[in-house]
Every structure is written in C-alpha cells, then in structure tokens.
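S.K.: Just a sequence and a predicted model for now, questions to come.
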Amino acid sequence: DAGITQSPRYKITETGRQVTLMCHQTWSHSYMFWYRQDLGHGLRLIYYSAAADITDKGEVPDGYVVSRSKTENFPLTLESATRSQTSVYFCASTRRGAGYEQYFGPGTRLTVT
Amino acid sequence: GQQLNQSPQSMFIQEGEDVSMNCTSSSIFNTWLWYKQDPGEGPVLLIALYKAGELTSNGRLTAQFGITRKDSFLNISASIPSDVGIYFCAGPWETSGSRLTFGEGTQLTVNP
C-alpha cells in the first residue's frame, strides 16, 4: 500500500525556471491539497482540489499553478521560481465524508538559488 | 481562515516526564486534529476529536476537545526519545469543505 507519494524529494532550481512537483495517491481520495512549510509559518495551504478537474486557491496561491486531470495525481507547478518559494512542500489527501482527516506525503524540499 | 494559537512553541524535557500542550482558536470548531511530524517527514495524524468534551487516547497520547469548543489539549505520558518531533494542532478552515488550518507547532525535545 503506497499511500501518498511525492517526487522529487529534493530539488534545487534557479530563479526564473519552471519546476513541477508531483503528488500521487493510491487511495482514490477525492480531496487533495498542497501546503508549504516555512519556519515561523507552520503549514500554509497553497491550492486544493475537491475532485478531478476541480481546483481552488488556498491561503498562498500566488506564483503557483495546479491541475488535476486524474483523481490520483495533483501536480504543483512553479511557473517562474523565486527565492521566496524555497520551502518544504507537502501534499495531502482525504476521502469525501472522512471529515477533516488529511494524510500527508513525505514532502519535497525545494531550494531556489 | 481561522487563527490557531499553539503553545508552548518548544519544550525540553527529560525522558519519563509527562508533556502537555494546547491549542486555542478565535472561533468555535467542530473538529480538532493533532499531528506529529518527525524530522524530514510529513505530518502523521495522531488523534481526531469530533465532540466537545471528548477525551481520546492513542497509546501514551491523550487529547481533549475543550468544552468551549475553542481549545484542545494534547498530553503525552512517560515520554520517550522517539516522541521527539513537532506536534501540530489543526481545525477546520471554515464551516464546510475539507480544508484545515494549522497551529505553528510545538517542538518537543526529549533528553535521554
């Protein structure tokens, strides 16, 4: 049971480059989420998706793009990376009707130089 | 979204001691969740609370949903070195949907 996986686990990129972080879950959960974690800010929601082809902004969406063509995948793209986007990114999911119990992936540590 | 205040920000304790931490919100919640994050890993759900006054245990961990519905508490009894990590509380972003808002976490260090 793979659960929820993220790739890559570590990424270094340069300012201005496009980078895509992948998230894949094997539970067929309806809801998927992207968070970023920074010191002093805890976990902040970037984007979320209630189902395939349904996405919406979270607390800090600027500079990010998401898509969800399949239930199991929820990629996050930084169209033109900035140093302020250096962070640890977590993907999470939950099934419809499960209340608020979200399950997290292992994270991607992104450094923008 | 709702604002969550989690305290303390950090704790340094000796192995075997009990630990208490809490979380307060600016609004009434109908759900409280507690997560633990080990270094280099994603948060793992420890306990979910759905009813005011509810007391739920998971091994040496006990969490309570405050009567006012604006707070929650997490206790760890007889701490061990593997309890080290960051503990987060979380609650609903809004009255509907599945979004969560998180506290800033309590960093726990356990000295052997």
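M.R.: Great, that's in hand.
S.K.: which stretches of chain B aren't confidently modelled?
M.R.: For chain B, the stretches with pLDDT under 70 are B:1-2, B:95-97.
S.K.: Using the three-state scheme, assign the residue of chain B found nearest chain A.
M.R.: Chain A sits closest to residue B:42 of chain B, with a gap of 3.5 Å, by CB to the nearest CB. Any C-beta I mention is one placed from the backbone N, CA and C, and that applies to glycine too. Under the three-state scheme (DSSP: H, G, I helix; E, B strand; the rest coil), residue B:42 adopts coil.
S.K.: Now for it, how many residues are close by?
M.R.: 21 (other CB atoms under 10 Å in any protein chain shown).
S.K.: Quick check: bridge partners of the closest residue to it other than its chain neighbours?
M.R.: With CB to CB, 6 or more residues apart in numbering or on different chains as the criterion, residue B:42 has its nearest non-adjacent residue at 3.5 Å, and that residue is residue A:104. Beta-bridge partners for residue A:104, by DSSP bridges, are residue A:92.
S.K.: May I see the buried residues of stretch A:70-81?
M.R.: Neighbour-count burial for stretch A:70-81, with 16 or more other CB atoms under 10 Å in any protein chain shown as criterion, is recorded at A:71, A:72, A:74, A:75, A:76, A:78, A:81.
S.K.: quick check, distance from stretch A:70-90 to the centre of its chain.
M.R.: Between the centre of stretch A:70-90 and the centre of its chain there are 6 Å (CA atoms, centre = their mean, to the nearest Å).
S.K.: okay, now the nearest residue to residue B:6 once chain neighbours are set aside: neighbour count?
M.R.: In this structure, residue B:6 finds its nearest non-sequential neighbour in residue B:103, 3.1 Å apart by CB to CB, 6+ apart. Neighbourhood size, residue B:103 [other CB under 10 Å]: 26.
S.K.: Residue A:40 now?
M.R.: Neighbours of residue A:40 using other CB under 10 Å come to 6.
S.K.: What of residue B:63?
M.R.: Neighbour count of residue B:63, defined by other CB under 10 Å: 24.
S.K.: SS state for it?
M.R.: At residue B:63, secondary structure determined by three-state DSSP is strand.
S.K.: ok, the residue lying closest to it once chain neighbours are set aside - how many residues close by?
M.R.: The shortest distance from residue B:63 to any residue other than its chain neighbours is 4.3 Å, reached at residue B:47 (CB to CB, 6+ apart). Residue B:47: 20 surrounding residues under other CB under 10 Å.
S.K.: thinking residue B:47 is in contact with residue B:35, fair?
M.R.: No - look at residue B:47 against residue B:35 with CB atoms under 8 Å: they stay out of range, at 9.0 Å.
S.K.: What does the pLDDT read for the residue of chain A found nearest chain B?
M.R.: Nearest to chain B in chain A, going by CB to the nearest CB, is residue A:104, at a distance of 3.5 Å. According to the prediction, residue A:104 has pLDDT 96.
S.K.: Tell me which residues touch the residue of chain A most remote from its centre, please.
M.R.: No residue in chain A sits farther from the centre than residue A:97, which is 21.4 Å out by CA atoms, centre = their mean. Listed by CB atoms under 8 Å, 6 or more residues apart in numbering or on different chains, the contact set of residue A:97 is empty.
S.K.: what's the span of stretch A:10-18 from first residue to last?
M.R.: End-to-end span of stretch A:10-18 (CA to CA, to the nearest Å): 15 Å.
S.K.: what does stretch B:36-54 give?
M.R.: One end of stretch B:36-54 sits 20 Å from the other (CA to CA).
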